[in-house]
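1. I would like the atomic coordinates for the input below:
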Amino acid sequence: MLELRPGCECCDRDLPPDSAEARICTFECTFCADCVKNVLHDTCPNCGGNFAARPIRPAGKLGKFTPSQKRVFNPDLLKSTQ
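-> Next up, the predicted model:
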């Protein structure tokens, strides 16, 4: 089951479980669509893989299968691309 991390690791933008803007790699590194396109150029800085749209967990399943509260943020990702 996917963790559904709550935010972009690059810009710290909130990415709730129903966000169509969330992107993940095969290791579930989580970024927003804007950072994937404009900052990371579709390459995960952690593993070197590409991204896919994160599936949206149905609202009725969120109570039993809660999203992660683990927030990962690396502000150096933005600095390293400027």
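2. Could you list which residues are in contact with residue 34?
-> 11, 13, 21 (CB atoms under 8 Å, 6 or more residues apart in numbering). Heads up, the C-betas are built off the backbone N, CA and C, glycines and all.
3. so when I look at it, I'm seeing a helix, right?
-> Yes: the assignment for residue 34 (DSSP: H, G, I helix; E, B strand; the rest coil) places it in a helix.
4. Under the pLDDT cut-off, which ranges of the protein? List them.
-> 80-82 (pLDDT under 70).
5. how about stretch 69-76: buried residues?
-> Neighbour counts using 16 or more other CB atoms under 10 Å place residue 72 of stretch 69-76 among the buried residues.
6. Going through the contacts of residue 34, which ones are buried?
-> Buried positions within these, assessed by neighbour count (16+ other CB under 10 Å), are 13, 21.
7. which of the contacts of residue 34 lies closest to residue 56?
-> residue 21 (10.8 Å; CB to CB).
8. Could I get the full set of strands for this protein?
-> Using DSSP state E, the strands of the chain run over 22-24, 30-32, 52-53.
9. would you turn the contacts of residue 34 into JSON lines with distance to residue 58?
-> Shown next, in JSON lines, are the contacts of residue 34 (distance: CB to CB, whole Å):
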{"residue": "11", "distance to residue 58": "27"}
{"residue": "13", "distance to residue 58": "23"}
{"residue": "21", "distance to residue 58": "18"}
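10. Just give me the closest of the contacts of residue 34 to residue 46.
-> For those, the minimum distance to residue 46 (CB to CB) is 15.3 Å, reached by residue 11.
11. who's in contact with the closest one?
-> If you count contacts by CB under 8 Å, 6+ apart, residue 11 has them with 32, 34-35, 39, 78.
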